[in-house]
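Peer 1: Here is a sequence with its predicted model. Questions after.
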Amino acid sequence: MPPIIRPATSTEAIIRDSLTHGAWGQPLTQPQFLERERCLRAHSWSKHAMVMWFGVHAETSEVLASCETFRMKALQEGKQAISYGIASVFTEEKHRGRGHASAVIRGAMDQLEGATPQTPVSFHLYSEVGAPIYERLGFKPLPSEEWLIPTAASLKPLAGTTRAQRLTERDSLSPLLERYSSLNAGLLVVPDLLHLDWHWERSRIYGRLLNRRQPRFLALVADDAYSIWTVDYKNNILRALLFVSHRIDATAAMLWDASQEAEFLRIPYLSVWHTPATMPADVVDSLRAVAGVILAPRVGELAMVRPHLDLSEVPRALWV
């Protein structure tokens, strides 16, 4: 008998959170993890965009599996569309190996597609368990690489006289998102300011709970290049949520300034997810020549999309 797929109530979501600390809670204690979840669920973007889905036994109503979806704005060939990020797929150990996680994802996607029949809908996720389980649901893997840049990397000489400008106010980022919306892509998912603030709220929560310094800027601009940043205190990395640059001097200027901030935050690495808009071939070659800088497959964050449209831009901002 197939499970019933339905949205969870707010009370049910809180109860579910108490079971998932072992999967995603480190380095927080369980009380800290529950505080993290409470704060993130209270965020305005979560209230607007997030749904937790349950797959429940048709007779006993026992929860067999769960996942979350986040509604995001998208452009398909320049026209309004929707993309849903899928995250936090969880099955208790006693229910694993029976297809319950696949059932709840499939059921959630069917209901979301049915709710907007006139609007193109896509789904994306970042798999921690490889491709096969999601390929059976119609997802296709995408290239998933990231630049890992030591804080001490010698980047300043590549910048020459180019300097990066720091942006500290949320509203000052609107022009950057407008520019990002104009990128040439068959399918483009564009985060809005509320979505980005969800990332920054996550950073603020971890910084507070772990007693860490908070960052002093949100974005960097160097001539026609721009980047938006957040601190991943869980993994001790300063991450670019968006990064768009076509010149080595602008790229190096932003990365060098970000490395100075990482040093202030006592963080050893920067991370920039590599996408076609991130850095063209000549910039890639220049960065590869810097000692300690590597371009490597992302560990546990395999980008996947359904259907396999021309979604080439999958920046860290789309991760949930």
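Peer 2: Here it is on my side, so go on. Note that the structure is predicted; figures quoted are calculated from it, not measured.

Peer 1: can you list contacts of the one helix or strand V284 maps to?
Peer 2: V284 belongs to helix 281-288 when assigned by DSSP states H and E. Contacts of helix 281-288 with the rest of the structure, by C-beta atoms under 8 Å, 6 or more residues apart in numbering, involve 147, 149, 158, 245-248, 251-252, 279, 293, 295. Where you see a C-beta, it was placed from the backbone N, CA and C, and this is true even at glycine.

Peer 1: Any idea how many residues pack against A103?
Peer 2: Other residues near A103 come to 18 when the count uses other C-beta atoms under 10 Å.

Peer 1: list the contacts for it?
Peer 2: 2-3, 5, 55, 64-65.

Peer 1: Which one (most neighbours) among these?
Peer 2: Ranked by neighbour count under the definition other C-beta under 10 Å, these are headed by G55 with 27 neighbours.

Peer 1: and that residue, what are its bridge partners?
Peer 2: Counting by DSSP bridges, G55 is bridged to I5, A65.

Peer 1: Surely it is in contact with E62?
Peer 2: No. Using C-beta atoms under 8 Å, G55 makes no contact with E62, being 9.9 Å away.

Peer 1: Among the contacts of helix 281-288, which lie within strands?
Peer 2: When DSSP state E defines the strands, the subset of the contacts of helix 281-288 inside them is 147, 149, 295.

Peer 1: in the sheet, who's paired with the nearest residue to the second one once chain neighbours are set aside?
Peer 2: Excluding the flanking residues, the one nearest I149 by C-beta to C-beta, 6 or more residues apart in numbering is L270, at 4.3 Å. Residues in a beta bridge with L270, per DSSP bridges, are I149, L238.

Peer 1: ok, L270 - contacts?
Peer 2: L270 neighbours (C-beta under 8 Å, 6+ apart): 147-149, 151, 237-240, 255, 258-259, 262.

Peer 1: The same query, at a cut-off of 7 Å, please.
Peer 2: 149, 238, 255, 258-259, 262 (C-beta atoms under 7 Å, 6 or more residues apart in numbering).

Peer 1: And for Y180?
Peer 2: By C-beta under 7 Å, 6+ apart, the neighbours of Y180 are 190, 242, 244.

Peer 1: Reformat those as TSV; add pLDDT and neighbour count.
Peer 2: Shown next, in TSV, are these (pLDDT from 0 to 100; neighbours: other C-beta atoms under 10 Å):
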residue	pLDDT	neighbour count
V190	93	20
L242	96	27
V244	94	23
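
Peer 1: between those, which is nearest R36?
Peer 2: Using C-beta to C-beta, L242 comes nearest to R36 of those, at 23.6 Å.

Peer 1: and that closest one, that one's in a strand?
Peer 2: Yes. Under DSSP: H, G, I helix; E, B strand; the rest coil, L242 sits within a strand.

Peer 1: my guess is it meets P315, correct?
Peer 2: Yes. Contact criterion C-beta atoms under 7 Å: L242 and P315 qualify, at 5.0 Å.

Peer 1: now the helices for the stretch 101-250 of the chain?
Peer 2: Secondary structure of the stretch 101-250 of the chain (DSSP state H, counting those that start in this stretch): helices located at 132-135, 156-159, 174-181, 193-209, 248-264.

Peer 1: what's the average pLDDT for the third one?
Peer 2: Right, helix 174-181. The pLDDT scores in helix 174-181 average 95.

Peer 1: got the CA positions of that helix in CSV?
Peer 2: Below are the C-alpha coordinates for helix 174-181, written out as CSV (Å, rounded to 0.1, in the frame of the first residue of the first chain):
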residue,chain,number,x,y,z
SER,A,174,19.4,44.4,-5.8
PRO,A,175,21.3,45.7,-8.9
LEU,A,176,23.6,42.6,-8.7
LEU,A,177,20.6,40.2,-8.8
GLU,A,178,19.2,42.2,-11.7
ARG,A,179,22.5,41.6,-13.5
TYR,A,180,22.4,38.0,-12.6
SER,A,181,18.9,37.7,-14.1
